[in-house]
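**Student:** Attaching a predicted model along with its sequence, questions to come.
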Amino acid sequence: MIKKLSHTTIYVTNQEEALRFYTEKLGFEVRTDTTMDGGFRWLTLGLATQPDLEFVLMEPKAGMMMDEETADQLRSLVGKGVMGAGVFDTDDVYATYEELKARGVEFMAPPAERPYGIEALFKDNSGNWFSLTQRRQ
């Protein structure tokens with residue numbers, strides 16, 4: 001029986017640059033950074049507040065999981081900024097918005113009231129966009 005989701009993938013255009021963005025700007029911690037056979041880099045990060053979930057930062061490359069044509073298509077989609085990668089919860093969207101802006105995070109939309117709470121939208125350095133949400137109590 002499946003118990004939980006332990007890893008989820010975020011496709012990035014450059015793992016090293018994404019590593020710096022997620023750790024220095026968003027405050028993630030490195031969980032695993034190792035190179036496997038064939039030069040495949042397994043790079044996972046996580047939030048200190050959520051130790052049982054790891055984010056795999058993966059560059060689309062031909063190999064185990066996809067051919068070169070598919071890797072090119074995925075790189076193109078990520079680069080266009082059309083990939084919504086997820087929702088991050090926060091207790092105070094206004095304070096988190098100001099903190100991340102001060103660290104150089106690019107926001108697509110400032111905090112705004114929504115039916116489900118207060119939301120701001122930001123992009124990572126690869127173009128993936130995320131919702132930063134303070135849920136309604």
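**Tutor:** Here it is on my side, so go on.
**Student:** Not counting stretch 35-45 itself, show me its contacts.
**Tutor:** 7, 15, 19, 22-23, 28-34, 54-59, 63-64 (Cβ atoms under 8 Å, 6 or more residues apart in numbering). Just so you know, the C-beta spots here come from the backbone N, C-alpha and C atoms, and that holds for glycine as well.
**Student:** Just these: which are in helices?
**Tutor:** 15, 19 (DSSP state H).
**Student:** Selection in ChimeraX covering whichever of the contacts of stretch 35-45 are buried, please.
**Tutor:** To isolate the buried members of those in ChimeraX, using 16 or more other Cβ atoms under 10 Å:
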select :19,22,28,31,54,55,56,57,58,59
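**Student:** So which of the contacts of stretch 35-45 sit within strands?
**Tutor:** Per DSSP state E, strands hold the following members of the contacts of stretch 35-45: 7, 29-34, 54-58.
**Student:** which two from those end up farthest apart in space?
**Tutor:** Glu29 and Met58 (17.8 Å; Cβ to Cβ).
**Student:** contact partners of stretch 62-69?
**Tutor:** 38, 40, 60, 70-71, 74.
**Student:** Restricted to helices, list those residues.
**Tutor:** 70-71, 74.
**Student:** Columns neighbour count and pLDDT on top of those, output as CSV?
**Tutor:** CSV is the format used below for those (neighbours: other Cβ atoms under 10 Å; pLDDT from 0 to 100):
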residue, neighbour count, pLDDT
Thr70, 12, 95
Ala71, 17, 93
Leu74, 17, 93
